[in-house]
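Engineer: Based on what follows, work out the 3D shape:
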Amino acid sequence: MSSIAILVIIGVVAMVFGPVMMMQPSKLERRQAKLRALASQLGLRVHLQPVPETVQMDEPIAMSAMYCLPWKEQRHTKSSWLLTRRGYEHGLHFDGVWEWQGEGREPNEAQLKNALTNVPDIVFAVARGPQGLCCYWPERGNEAQVELLARWLKDQLSLVAEK
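Structural biologist: As a prediction, the model looks like this:
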């Protein structure tokens, strides 16, 4: 075979397999898929949401994973609120470092303060909405952290459910 024919064959093979190889998920995407699959097995639902404006992170990200434990009953879907963790403690913040976002508030603030004392450090926002009780986190952790989030959400769900 001539060298031109070999170059043409190599070019055709590269043009066929190049795009296929580029469509493969990256290492980060595979890790995130694994974390989200585990979350699903643990009864959580994962939503991608814009990072709340007041959140300050070392490495800013535009979208964040919100891991939610769905309500068991539809009646819990009425009120919504969002708390973001601030990088500093202030007397005007809720429970020191948490800041309310928007108009919604938790009616049982004493129980919420108790729940926030043991929220995992990886969580930068906590929300209550129609989808359930949720934690925002950057998905930079491992399976143990997903299990920790699921455990915390399950422990706190009854505290913030409307009575």
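
Engineer: what about the chain, any weak spots by pLDDT?
Structural biologist: Scanning the chain for pLDDT under 70 picks out 1, 20-21, 56-58, 75-78, 88-89, 91-92, 158-163.

Engineer: can you give me the strands for the chain?
Structural biologist: 45-50, 63-69, 81-85, 98-101, 125-129, 132-137 (DSSP state E).

Engineer: any chance of the ones you listed in JSON lines, with mean neighbour count and distance to residue 144 too?
Structural biologist: Where you see a C-beta, it was placed from the backbone N, CA and C, and this is true even at glycine. Formatted as JSON lines, the entries for the strands of the chain read as follows, by neighbours: other CB atoms under 10 Å; distance: least, CB to CB, whole Å:
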{"stretch": "strand 45-50", "mean neighbour count": "14", "distance to residue 144": "17"}
{"stretch": "strand 63-69", "mean neighbour count": "20", "distance to residue 144": "14"}
{"stretch": "strand 81-85", "mean neighbour count": "22", "distance to residue 144": "20"}
{"stretch": "strand 98-101", "mean neighbour count": "17", "distance to residue 144": "24"}
{"stretch": "strand 125-129", "mean neighbour count": "23", "distance to residue 144": "20"}
{"stretch": "strand 132-137", "mean neighbour count": "24", "distance to residue 144": "13"}
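
Engineer: For the ones you listed, give me TSV that also has distance to residue 116.
Structural biologist: Below are those laid out as TSV (distance: least, CB to CB, whole Å):
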stretch	distance to residue 116
strand 45-50	20
strand 63-69	16
strand 81-85	8
strand 98-101	6
strand 125-129	7
strand 132-137	11
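
Engineer: so how far is the longest helix that the chain contains off the chain centroid?
Structural biologist: The residue-count maximum for a helix in the chain (DSSP state H) belongs to helix 3-22. Helix 3-22 has its average C-alpha position 40 Å from the chain's average C-alpha position, going by CA atoms, centre = their mean, to the nearest Å.
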